[in-house]
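K.L.:
3D model of this:
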Amino acid sequence: MFQALMLALISGLAGLDILVVHIHWHRPLVTGLLVGLVLGDVKAGLIAGATLELAWMGLVPLAGAQPPDPIVGGILGTAFAIITKQPPQTAVAFAIPFAIAAQSIKTLLYTAFSYFAHLADKYAEDGNYKMIERINIGALVFHFLLYAIIVFLPIYFGMDVAKNIVSLIPEKLMNGLAIAGGIMPAVGLATLLKIMLKSEFVPFLILGFICSVYLQLPVLAVALIGVAIAIWEFYIDRNRTQNAGVGGGENDEGI
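P.N.:
Next up, the predicted model:
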């Protein structure tokens, strides 16, 4: 009961973060750590959260179009991996149906909330700012409770059942789910590349591929190489801009 309430609290606060705060601790990488702390297995939480983060890396909401929910999928997927002692790839396969269900619920609610947007317009015309404030606060409270309830119910009522069901699933089917879950990070990265890949970034993509496949470097090492290149590019561009500014100043003085 206590663990279910704590995970519901994490989910509710993450729901506020994704709506108004935007410090991005609603991402699976962070919620995985928090779930691991609550359930007593930080290492498994980090591994599952990082795997789920890869799956959601390229999925971003655009206006009313919502991707599978990263909060519900991240928390429930990580909790499933820890409670049932399953590998993180299987956690991804388990998380996706819950994430899609949460996405559908959010889409319906956002459509219903359009009524309150028009109501707020009416209050604005009347100068009734107190009611506008109440509408906004009420929406935040509702959003918090929505995420908390969606996570609380499966954790409190379903995880023991899920654990028993997993023990009955044939090994071949579990291996299939693990393979399907392993594909999701590749799908997330491919979606991200589709959004941001430019011709000038292709050399870095090739470099990362060489480091990972041929040099057998771990993901952290490849990421640190990418960070080093990004920092180097930042200082090169800044120095180039400063030099251009100095050169322009000297020409002005000559005139």
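K.L.:
Quick check: which ranges of the chain have low pLDDT?
P.N.:
58-66, 158-189, 191-197, 244-255 (pLDDT under 70).
K.L.:
who touches stretch 123-139?
P.N.:
113, 116, 119, 120 (C-beta atoms under 8 Å, 6 or more residues apart in numbering). Where you see a C-beta, it was placed from the backbone N, CA and C, and this is true even at glycine.
K.L.:
Show only the entries of those found in strands.
P.N.:
Per DSSP state E, strands hold no members of those.
K.L.:
Shouldn't residue 93 be within a helix?
P.N.:
Yes - remark: residue 93 belongs to a helix, assigned using DSSP: H, G, I helix; E, B strand; the rest coil.
K.L.:
what's the distance between it and residue 48?
P.N.:
12 Å (C-beta to C-beta, to the nearest Å).
K.L.:
same deal with residue 16?
P.N.:
23 Å.
K.L.:
For the most centrally placed residue in the chain, give me phi and psi.
P.N.:
Geometric centre of the chain, nearest residue: residue 27, 3.3 Å, by C-alpha atoms, centre = their mean. When read as degrees, to the nearest 10, the backbone of residue 27 gives phi -70, psi 150.
K.L.:
roughly how far out does stretch 83-103 sit from the chain middle?
P.N.:
How far stretch 83-103 lies from its chain's middle: 14 Å, per C-alpha atoms, centre = their mean, to the nearest Å.
K.L.:
residues of stretch 7-27 that come out buried?
P.N.:
7-15, 17-18, 25-27 (16 or more other C-beta atoms under 10 Å).
K.L.:
Looking at those, which two lie furthest apart in space?
P.N.:
8 and 27 (18.2 Å; C-beta to C-beta).
K.L.:
Give me the buried positions along stretch 35-45.
P.N.:
So, applying 16+ other C-beta under 10 Å, buried residues of stretch 35-45: 35, 36, 38, 39, 41, 42, 44, 45.
K.L.:
Verify the contact between the residue nearest to the centre of the chain and residue 75 for me.
P.N.:
No - counting by C-beta atoms under 8 Å, residue 27 stays clear of residue 75, with 11.2 Å between them.
K.L.:
in the chain, which spans are strands?
P.N.:
So, for the chain - with DSSP E - there are no strands.
K.L.:
Mind splitting it into its structural domains?
P.N.:
1-196, 198-243 (the TED database).
K.L.:
returning to what we had before: residues in contact with the residue nearest to the centre of the chain?
P.N.:
Here residue 27 is in contact with 53, 56, 70, 74 (criterion: C-beta under 8 Å, 6+ apart).
K.L.:
just checking, the last one touches residue 28?
P.N.:
Yes - under the criterion of C-beta under 8 Å, residue 74 is in contact with residue 28, at a separation of 3.2 Å.
K.L.:
any shared contact partners between those two?
P.N.:
With C-beta under 8 Å, 6+ apart, residue 74 and residue 28 have common neighbours 49, 52, 53, 56.
K.L.:
Neighbours of the last one, how many?
P.N.:
To tie it back to what came earlier, the one meant is residue 56. Look at residue 56: counted by other C-beta atoms under 10 Å, it has 26 neighbours.
K.L.:
Mind checking which of the buried residues of stretch 7-27 are in helices?
P.N.:
7, 8, 9, 10, 11, 12, 13, 14, 15 (DSSP state H).
K.L.:
Turn these into a markdown table, columns for distance to residue 204.
P.N.:
Conversion of these to a markdown table gives the following (distance: C-beta to C-beta, whole Å):
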| residue | distance to residue 204 |
| --- | --- |
| 7 | 38 |
| 8 | 41 |
| 9 | 40 |
| 10 | 35 |
| 11 | 36 |
| 12 | 38 |
| 13 | 35 |
| 14 | 31 |
| 15 | 35 |
